[in-house]
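[1] any chance you could fold what I've pasted below:
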Amino acid sequence: MVQHIVSRQSVFNVLHSPSDTEGEHVSDGIKTEVSLPFKTPFPFSSLVLSANYRSVTDGCILFEAQVCCGEKWSGFYKLGLLSGKFKTSFPPQEDAFGRVETDVLTLFKPAEAYRYRLKFYGDAELFLLCASLTRAPFMYDEKTAARLPAGAFEKEVHPISQLEQTHPDRRRICSPVSLCMALNALGYQADVKELMRDVFDQTAGIYGNWMFNVASAGALGAEAYVRRFGALGELKDFVTPDSLVLASVAYGRGELAGAAIDHTAGHLVLVRGWKKGKILAADPAAAKQESVLRAYDAREFANAWLSRKQGAAYVVRKK
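    Numbering: from 1, shown residues only. Below is the predicted model of the structure:
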């Protein structure tokens, strides 16, 4: 197995390359690639794959992964199908190792290694593949995690309110709206309605499928992937003139002062900078466009994002 340096972090992210492929074969017009087994620096409890791809016609890529627990490998779980014409997740999958809910593999007991399998049909091409995992058990050190990068930074973002959209699902579209703000701020021409259509997961009936959102950003020319963050200090490398972070947050009443909604089990906001102990955000849940841009206390935001949602985010970069 491929070895990695031991980390004290509770999250682990890998950008895979073609050299990580152990073998491939072609049968009935379908090319199958299987990766090397990857041993992680700590036992993990969840796995997400994300990708950027291209298909001019109707080519597609099926993404699968398996995990190893105590020298025993699971079967392969289906984590998503991306095509030039459509995207789909799969009904819940469950066995003795774990369960897939839409886009996340959650394990019943910690695993020590994983492997992915890709199946290509037609002219589909893969440009980027990222695996993101969380430690079991997950550990959170507020003092370290809530420390902001030195100085201050603010990226100019044109605000968009999801509640001002004329759509019956406007309360459920924080992901495509945040993604639209990020893409436009980085110089890509994105439209909320088009993104909504492109990221919608027909199987799960949601707009927040992580794999679909980053794939849509990639199709518009950006580099995008799911990443887990362990500390606000990491933002200095990912919130820049050419890169932005869309953070998944959860909080109860009174836990995030000045929030656009008073509580949520899951919501996406655009992180656009930091200054004077605050995270600068574009929160699409604001009732009006003029109140989308907000500043949140760093400690409270770190708890809502890094602790409650284990640092889950989309990174969107200008190529």
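
[2] next up, the contacts around residue 51.
    Applying C-beta atoms under 8 Å, 6 or more residues apart in numbering to residue 51 gives the contacts 61, 63, 82, 126-130, 211, 214-215, 218, 225. From N, CA and C alone the C-beta is placed, and that goes for glycine too.

[3] strands - which of those residues land there?
    61, 63, 82, 126-130, 225 (DSSP state E).

[4] okay, the residues you listed in TSV with pLDDT, neighbour count and distance to residue 202 next?
    Output for the ones in strands among the contacts of residue 51, formatted as TSV (pLDDT from 0 to 100; neighbours: other C-beta atoms under 10 Å; distance: C-beta to C-beta, whole Å):
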residue	pLDDT	neighbour count	distance to residue 202
61	97	23	18
63	98	23	17
82	96	25	14
126	96	17	23
127	94	11	24
128	96	17	24
129	98	22	23
130	98	19	24
225	98	27	23
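
[5] which one of the residues you listed is nearest residue 276?
    Ranked by distance to residue 276 (C-beta to C-beta), the ones in strands among the contacts of residue 51 are led by residue 225 at 30.2 Å.

[6] that closest one: what's it in contact with?
    15, 50-52, 128, 130, 214, 314-315.

[7] could you find the closest non-adjacent residue to it?
    residue 130 (3.9 Å; C-beta to C-beta, 6 or more residues apart in numbering).

[8] all strands in the stretch 151-300 of the chain, in order from the N-terminus.
    153-154, 223-228, 243-251, 264-275, 278-282, 293-297 (DSSP state E, counting those that start in this stretch).

[9] show me the contact partners of the fourth one.
    In other words, strand 264-275. 148-149, 152-157, 174-175, 178, 181-182, 185, 208, 232, 235, 239, 244-251, 261, 279-285, 293, 295, 298, 309, 313-314.

[10] each with direction, which strands does that strand pair with?
    strand 153-154 (antiparallel), strand 243-251 (antiparallel), strand 278-282 (antiparallel) (DSSP bridges).

[11] before we move on, the earlier item: filter the contacts of strand 264-275 to the buried ones?
    Using 16 or more other C-beta atoms under 10 Å as the burial test, those include 148-149, 153, 155, 157, 174-175, 178, 181-182, 185, 208, 232, 235, 239, 244-251, 279-285, 293, 295, 298, 309, 313-314 as buried.

[12] hmm, residue 146 is touching residue 296, no?
    No. Judged on C-beta atoms under 8 Å, residue 146 makes no contact with residue 296 at a distance of 11.3 Å.

[13] can you pull out the helices in the stretch 1-150 of the chain?
    For the stretch 1-150 of the chain, applying DSSP state H, counting those that start in this stretch gives helices covering 142-145.

[14] now the ones in strands among the contacts of residue 51 as CSV including distance to residue 105?
    Putting those into CSV (distance: C-beta to C-beta, whole Å) gives the following:
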residue, distance to residue 105
61, 17
63, 11
82, 17
126, 19
127, 23
128, 19
129, 15
130, 14
225, 16
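
[15] looking at these, which is nearest residue 194?
    Taking the ones in strands among the contacts of residue 51 together and measuring to residue 194 by C-beta to C-beta, the closest member is residue 82, at 17.0 Å.

[16] tell me what residue 295 is bridged to.
    residue 280.

[17] which strands and helices lie in contact with the longest helix seen in the chain?
    Secondary structure of the chain read by DSSP state H shows that its longest helix is helix 174-185. Contact here means 3 or more C-beta pairs under 8 Å, 6 or more residues apart in numbering; DSSP states H and E; on that basis helix 174-185 packs against helix 192-199, helix 210-219, strand 243-251, strand 264-275, strand 312-317.

[18] having no further points to raise, I will conclude here.
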